[in-house]
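A.B. asks: pasting a predicted model and its sequence here:
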Amino acid sequence: MNDRKYREYSREFKLEALELLKRGDKNAPQLERELGITPGLLLKWRTRYQILAPEGQPPQLGPSDMEAAKAEIRRLQRELAAAEEERERDCTRRRAETPRRAPGRAARALRELREGVSRLGRRHKHAKRNCPLPEVFCFTG
């Protein structure tokens, strides 16, 4: 597929390069040329990482605020997807456990019409002029 090899830089190298950029003596393209790194890589590092300097400890390289926010968003999206999946599973289970109700009046009336039996127990005859029901529900005979 892609046999291209990328150079990997150590965290210490990235830290030194970002400190030089932060110092402001030279701009990013000049530093990239001097350090022999790809153009634009230093600015990419600046957006991806930040220099953390805890009290009394040497500076360290950590994720930038934007990268930390993106990681938090990904974590929350995974958590939301899991909660939605669990909710769907619970709803499906509840639907399967819910007992079926007896048919209501409308369903009973429709069934009676399909069977051709009125409430009085007589077969319904379809007279085209007088009957308001569709012919599908009416039986002749």
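C.D. replies: Nice, thanks for sending it over.
A.B. asks: per-residue confidence for H126?
C.D. replies: Looking at H126, its pLDDT stands at 53.
A.B. asks: same question for the longest helix anywhere in the chain, mean pLDDT?
C.D. replies: Ordering each helix of the chain by length in residues (DSSP state H) puts helix 65-97 first. For helix 65-97, the mean per-residue pLDDT is 88.
A.B. asks: give me the next element, helix or strand, following that helix.
C.D. replies: Sequence order places helix 105-115 as the next helix or strand after helix 65-97, per DSSP states H and E.
A.B. asks: buried residues, that next one. List them.
C.D. replies: L113 (16 or more other C-beta atoms under 10 Å). Just so you know, the C-beta spots here come from the backbone N, C-alpha and C atoms, and that holds for glycine as well.
A.B. asks: per the record, what domains does the protein have?
C.D. replies: Following automatic domain parsing, one gets these domains for the chain: 11-63, 65-95, 108-137.
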